[in-house]
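[1] Next come a sequence and a model predicted from it.
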Amino acid sequence: MKSAFRILVFVPLALIILFFAMANRSPVHVSLDPFVTDSSGPAFDLPLYIVVLIAMALGVIAGGFSTWISHLPVRRAARVARTEAKKTRAEIEKLRHQALANLPQDKEAKN
């Protein structure tokens, strides 16, 4: 089921990206200095589709990083909860062994 869903999503997405790249091959002038209007600053020519795809990739990376940062407290709380659960399980096992050790071994020994 998952592989069929992946095919239904990623094949059309790949085709859209491919068609976009084929339709936007003309070069654009990309300048890295927003204050210089002439071409004296750092600048280069790239096809439009590369500029757009790089911008999209940077947006995905920035969004993933911000999500990762925002989930730090949740991951920290989960780590603390796992540690406490492990300690609790160890204590339960210890108490279980103590309780089993205190049980009478043989019912006929009481008679």
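    Noted; the coordinates are in hand.

[2] in this protein, which spans are strands?
    Counting by DSSP state E, the chain has strands at residues 27-31, 43-47.

[3] what's the angle from the last one to strand 27-31?
    Using axes from the mean of the first three to the mean of the last three CA atoms, to 10 degrees, one finds that strand 43-47 and strand 27-31 are set 150 degrees apart in direction.

[4] so how far is strand 43-47 off the chain centroid?
    32 Å (CA atoms, centre = their mean, to the nearest Å).

[5] Could you export it as CSV, keeping only the C-alpha atoms?
    Extracted in CSV, the C-alpha atoms of strand 43-47 (Å, rounded to 0.1, in the frame of the first residue of the first chain):
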residue,chain,number,x,y,z
ALA,A,43,26.7,37.6,-9.4
PHE,A,44,26.3,34.8,-11.9
ASP,A,45,23.9,33.5,-14.5
LEU,A,46,21.9,30.3,-13.9
PRO,A,47,18.9,28.7,-15.5
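
[6] So what are the sheet partners of that strand and their directions?
    Strands that pair with strand 43-47, judged by DSSP bridges, come out as strand 27-31 (antiparallel).

[7] The partner strand: which residues count as buried?
    Judged by neighbour count (16 or more other CB atoms under 10 Å), strand 27-31 contains no buried residues. For glycine as for every other residue, the C-beta is placed from the backbone atoms N, C-alpha and C.
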